[in-house]
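Q: Give the three-dimensional model of this entry:
(one chain, ligands or ions: 1)
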Amino acid sequence: MKIDFPQAVNEAPIELSSHTMTEIQRVMDLFPKGKQKSAILSILHLVQDELGWVSVGAMNRVALILDIQPIEVYEVATFYTMFHLNAVGKNVLEVCRTGPCQLVGSDDLIDYIEEKLEIKVGETTKDGMFTLKTVECLGACGYGPMLMCKYQFYERLTKEKVNEMLDAMREASK
Ligand code: FES
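A: Numbers count the residues shown, from 1 in each chain. Model (predicted):
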């Protein structure tokens with residue numbers, strides 16, 4: 001997502017739940033006084049866990065919490081692929097496309113998922129059930145082709161395994 005700066009800084013910071021705010025405070029307290037900015041990745045994860053994605057309004061809230069400039073949050077959130085900067089489906093399929101996974105068929109896997117779900121990389125199915133993304137190495141290079149969804153790894157994927165995985169996710173998301 002392209003952030004329309006400086007217009008973005010004027011977007012109202014969104015409210016977060018009291019549960020998320022408590023967790024954010026707990027994480028910030030782990031760092032020495034004056035070094036709370038180091039909690040930014042954990043905080044962005046907490047925000048995404050609550051909202052499903054990280055909007056500009058959410059990033060502006062994080063900037064207020066950490067008492068830093070919004071651009072400092074945008075820099076971090078846009079650098080890492082694990083932060084979703086647009087609304088996503090219930091299940092975000094993050095397929096590794098880096099060399100070792102590519103050598104064992106990640107391109108074919110991506111093509112198959114695109115065909116099966118009738119979406120392209122970066123898109124969400126009409127029913128809001130799946131979003132397909134590609135990411136760089138997830139650290140499971142010996143188990144490719146693989147993808148991650150909801151912090152869980154699905155490894156050595158075949159078409160059959162993908163079919164089973166998608167059915168199970170649909171069932172679990174009902
Ligand atoms: S290359 Fe795919 S997990 Fe490392």
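Q: so Leu132, which of the three states?
A: Look at Leu132: counting by DSSP: H, G, I helix; E, B strand; the rest coil, its state is strand.
Q: Let me see the contact set for it.
A: Contacts were defined as C-beta atoms under 8 Å, 6 or more residues apart in numbering; by that measure Leu132 touches 93, 95, 110, 113-114, 117, 119-123. In this view, the C-beta of every residue, glycine as well, is placed from N, C-alpha and C.
Q: go again using 10 Å as the cut-off
A: By C-beta atoms under 10 Å, 6 or more residues apart in numbering, the contact set of Leu132 is 88-89, 91-95, 110, 113-114, 116-117, 119-125, 147.
Q: And for Lys90?
A: Neighbouring residues of Lys90 by C-beta under 10 Å, 6+ apart: 52, 124-125, 127-131, 149-150, 169-170, 172-174.
Q: could you redo the last one with a cut-off of 8 Å?
A: Remark: with contacts taken as C-beta under 8 Å, 6+ apart, Lys90 is in contact with 128-130, 169, 173.
Q: Any chance of the backbone angles for it?
A: Lys90 adopts backbone torsions of phi -60, psi -30, taken as degrees, to the nearest 10.
Q: For Ile40, see how far away the residue of the chain positioned farthest from its centre is.
A: Taking C-alpha atoms, centre = their mean, the residue of the chain most remote from its mean C-alpha position is Lys33, at 29.0 Å. From Lys33 across to Ile40, the span is 16 Å (C-beta to C-beta, to the nearest Å).
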